[in-house]
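Engineer: Just need the structure, nothing else, for what follows:
(chains A and B)
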Amino acid sequence: MRSLLIAAGLALATTYAGVARADDTSSIEGFLEEEVVTAASKSSQQASDAPALSRSISSEEIRRYGIRSLDEAINFLAPGLRTTMNLRTPEIAARGVQFTGTQLYPPESFGGVDPVGARGVQYSGDQGNHVLLLIDGHSLNEPVFGSAQYGQGVGIPLELIDHIEIVLGPGSAIYGSNAVLGVINVVTKTAANPGSHAVVEVTPASELRTTFTSAHSFDLLGSKNSVVTGLTYYEKEGPTLDLGPQDAGNDPVDNQPMKFSPIGPRTGIWGGEAKNSYYTRAPGMHLRFNRGRFELMVRASHLHHGDPGSRGDFDDARNGVSESRASIVAKQRFPIPKFGEIAVRAFADAFQWRQDFVSSSTIACPFSNARVANIATCRTYSIADSTRLGMDALATLDWTHDGRFTTQLGGSGMLNTVVSTFHRTDADTGRATDPALTVVPENTLSVLSISGQQNFRPWKWMTLNAGARVDRDERFPVIASPRVMAQFVPWEGSTLKLIHAEAFRAPTYLETNGFTPLIIKARDLEPEHVASEELVIEQRLGAQRLALGLFYMRYDSIVRPVLLTPPEAAAAVANGQTTFSFTPRLELYQLRNVDEIRSYGYTAAYDGSVANGKLRFGANLTGAVAYDRFHAPITVAPRLFGNARVSYDLGGALPTLAVASTWASRSVVDRAYDGRFQPIPHAPPQLELRAAITGQVPAVSGLSYRVIANHAFHDQTAYAIGPVTRTSVRMTQPELAPIQSWMATVGLQYDF
Amino acid sequence: VTVHTLSRRACLAALSTVGLIASDASDAFAEPLPANLQGELIVKLAPYDKALPARAGDQLVVVIVSKPNDTETDHWALVLQTTLRQTSRIAGLPHTEIVVPYRGAADLARRCREQRASMVVIPSAIGHDVEAIRVAFEGMNVLTVAPEADLVRRGIVLGFEVFSGKPKLFFNLLQARRQNVSMSADVLKLMTVYQ
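Structural biologist: Just a heads-up that it's a prediction; the model follows:
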């Protein structure tokens, strides 16, 4: 904490020094410090002109502050967003709101351990489906879950990232579904700086990250071409976690103690040393080919991770998730004489996902032949596949040839195909014990959209921007997402923006079309909707920039699982919507648009540098009040969070020193409400400090190093783990996912 | 959805898009600064060119070069011209902007002499000819500007480009001396200087 205060004090002191020094080049310095963003409106513009509060994280910052993944870049450098680790993958929240999941998986939903939580309802995390993640403008959110990866699973070599654009607030007026909390656009490097780079980073005894990136241009058939490639491989083994013990009590099926290992007696106790199940492997590749106005992008990634917090057999490495993603995107720009251009894209995406769950408890195979065959350990797995084929076109017209009156018109069409199945096998032999269950029948559905945006700057001190997108998803009525902005420049270097924006999240195919014996198929599900009002004030003074955004957001029609009333459950049984027989104690669920969230607060961001950019610093702070329809705080998302950083370039052959921190106030645990814990469990305040040293290795041309040390002052995050996720006489509070307190990483980069 | 189906769909998509590849190609791979911002930056930087008042005399003439039959460059030149014209004075001088089609380095140098140009803005699209332009402009009193760092490294005096999401400035000191351009040391500190 003291280091943090010193860093903040240093930043403040140098700020005032910098402001006082502001000389006659301050206007140019301000211009050079102003980020150029494209994600807010699909056209290049200065961040202060964008119709949203936006910020860009540069590759220099990523390297300087010891950032190793996208989620770390968000936590240590971005305003208004925060990710939290849940022992599997990071999940993302914005401005005090994090959506809890509605997914029908994990496979415990087919007969797990906990009476409520085991049914997959209110399971932590929305898998990032309320934030749109783009790589070079192409969406990574897939159709089955709407998910996107923010950890190493994103599969982009960190060294290939040129910058990351963060756009806060609704973005459906430009991008359609999923752009609810914000848009993140990862922009990769071009061949403007040709060369190859190999990187190896090691965190002793647990992590290895290695990347190879290359950018080259060549002449072919009379034109200049470029190829930018990147390969990455990440592996994490451990560290060993000390989990539990959790007393899960008796198995409801046979009333004997639960069993969390294929060997040994039935004790009902889960926990011990998790040595095998805390692992991640994530290879990825990215390729971009450019020839004039044509661009081809091919990318593929795979993620396989264990689940040490699984409610299945303890520390079984087979509990986990594998997912693969592949995309191919072709883009051609056609100039429109004198007025602008049309960009046409065609793309194809494929997504495959598998989740495994291994359990020796009787309840894991309660309704199947497995019990009859006396199988000791059941292995269930769920599979989801999707493909997406699409085309879109965007015309940008600059009528006055100076950006004062520009029009954008766009249209897109996509075909999404999804299918999902569930399987139960004997874990020892791999033989199926039951026929595969179709969770989402194979479906091919279309999504069409048209969009328009008008930018008008009648005077230098005022800009008006209005746009809307209309989406037609076969599953829902037509959805319109408008956005309006009025921007004023009261004096040089200052902007004031008033923004109204709306966005939606189309329920995933799993939500609209999926069903299990315990969760009956949803009917008339509608898109979730958000409307926001924002006031953004930005002030530049030389190399210093301050931004303050005030927001009020209304989220409606949020999809949640609802417990059916006994008459509804009886009707569902009678209609054949479940395989269960009706009993008064039968608990069936259905996804419905029942919830709403109101949130308001502020995001403040400050960036600056002095001494010709040698000393750099910045801080972001977000305060938000968010509550649901029961006026209860939102789980996991903290009310106050932010980050701060300072770095100094010693110059010449000497290294760059940097310190960064990220913090968050305490937050409600993900299973607090449906677990019926009393008092309401909270995760402790979170604080992480990171120090990084980067520099050139003396006497070896092209070789540079990076040394990172990280300390987390908290020991838990806001995610409940293990089988006890509901209060009982044996456990009145959940066990929270632990976090590694110390981490040191050493890396070498060779440029050639 | 089988792997076979996925592969077939991906191949079909790839094949259908290959047909979109056009033969006309610009030479730039760098992320350019939007043309209107290029204009704003030129206006901001011009006062720091210490030799500009002497070169320009009572009026600053800016030549904006366009590539014939290249609609993208035409648009860029038009935006730049319109943006510069919105400023009443550049470096305290009245100014005029002329768009000149590129017909070779020697022809461009001749046109600039005739027009008494003090500043020439070169598009990325004629980057392949930058060495010839460098030679043709040696000894002339003119500031050459380009929206790409690589062109500065190869012989244009001043350039800008977007790197890591922010505008960056580039300056070729040797070529500046050859073209009698003297930039203020205060601004040079903000630039990547090629010796």
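Engineer: Tell me which residue of the stretch 451-600 of chain A lies closest to chain B.
Structural biologist: Nearest residue of the stretch 451-600 of chain A to chain B (CB to the nearest CB) works out as A:Lys460 at 8.6 Å. For glycine as for every other residue, the C-beta is placed from the backbone atoms N, C-alpha and C.
Engineer: give me the number of residues near that residue?
Structural biologist: Using other CB atoms under 10 Å in any protein chain shown, the number of residues around A:Lys460 comes to 9.
Engineer: shouldn't it be in contact with A:Gln487?
Structural biologist: No - look at A:Lys460 against A:Gln487 with CB atoms under 8 Å: they stay out of range, at 11.1 Å.
Engineer: can you pull out the helices in chain B?
Structural biologist: Counting by DSSP state H, chain B has helices at residues B:3-18, B:35-45, B:52-56, B:71-85, B:105-115, B:130-137, B:149-153, B:173-178, B:185-188.
Engineer: can you list contacts of the last one?
Structural biologist: Same thing as helix B:185-188. With CB atoms under 8 Å, 6 or more residues apart in numbering or on different chains as the test, helix B:185-188 has contacts from A:23-25, A:28, B:45, B:48, B:169, B:171.
Engineer: Looking at neighbours, which among those is most surrounded?
Structural biologist: Each of the contacts of helix B:185-188 was scored for neighbours by other CB under 10 Å, and B:Leu45 scores highest at 27 neighbours.
Engineer: right, and that one touches A:Ile28 too?
Structural biologist: Yes - the pair B:Leu45 / A:Ile28 is scored as a contact, 6.8 Å apart, by CB under 8 Å.
Engineer: related to what we said a few turns ago, mind putting the helices of chain B in a markdown table, mean pLDDT and distance to A:Val610 included?
Structural biologist: Putting those into a markdown table (pLDDT from 0 to 100; distance: least, CB to CB, whole Å) gives the following:
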| stretch | mean pLDDT | distance to A:Val610 |
| --- | --- | --- |
| helix B:3-18 | 53 | 48 |
| helix B:35-45 | 94 | 20 |
| helix B:52-56 | 91 | 29 |
| helix B:71-85 | 92 | 31 |
| helix B:105-115 | 95 | 40 |
| helix B:130-137 | 95 | 36 |
| helix B:149-153 | 93 | 25 |
| helix B:173-178 | 94 | 25 |
| helix B:185-188 | 92 | 15 |
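Engineer: can you redo the ones you listed as a markdown table with distance to A:Asn513?
Structural biologist: Formatted as a markdown table, the helices of chain B follow (distance: least, CB to CB, whole Å):
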| stretch | distance to A:Asn513 |
| --- | --- |
| helix B:3-18 | 19 |
| helix B:35-45 | 47 |
| helix B:52-56 | 67 |
| helix B:71-85 | 45 |
| helix B:105-115 | 63 |
| helix B:130-137 | 58 |
| helix B:149-153 | 51 |
| helix B:173-178 | 64 |
| helix B:185-188 | 61 |
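Engineer: Identify the residues contacting A:Tyr719.
Structural biologist: Applying CB under 8 Å, 6+ apart, the residues contacting A:Tyr719 are A:84-87, A:124, A:309, A:636, A:669-670, A:736-737.
Engineer: And the helix or strand hosting A:Val321, how far out from the chain middle?
Structural biologist: Under DSSP states H and E, the secondary-structure element containing A:Val321 is strand A:320-336. The chain centre lies 18 Å from the centre of strand A:320-336; the measure is CA atoms, centre = their mean, to the nearest Å.
Engineer: Same question for stretch A:136-147.
Structural biologist: Using CA atoms, centre = their mean, the distance between the centre of stretch A:136-147 and that of its chain works out at 10 Å.
Engineer: Could you give me the buried positions within that stretch?
Structural biologist: A:136-147 (16 or more other CB atoms under 10 Å in any protein chain shown).
Engineer: quick revisit: state the distance from the residue of the stretch 451-600 of chain A closest to chain B to B:Phe170.
Structural biologist: To B:Phe170, A:Lys460 is 28 Å away according to CB to CB, to the nearest Å.
Engineer: hmm, back to that, elements contacting the strand holding A:Val321?
Structural biologist: Under the contact criterion of 3 or more CB pairs under 8 Å, 6 or more residues apart in numbering or on different chains; DSSP states H and E, strand A:320-336 touches strand A:294-306, strand A:340-359, helix B:3-18, helix B:71-85.
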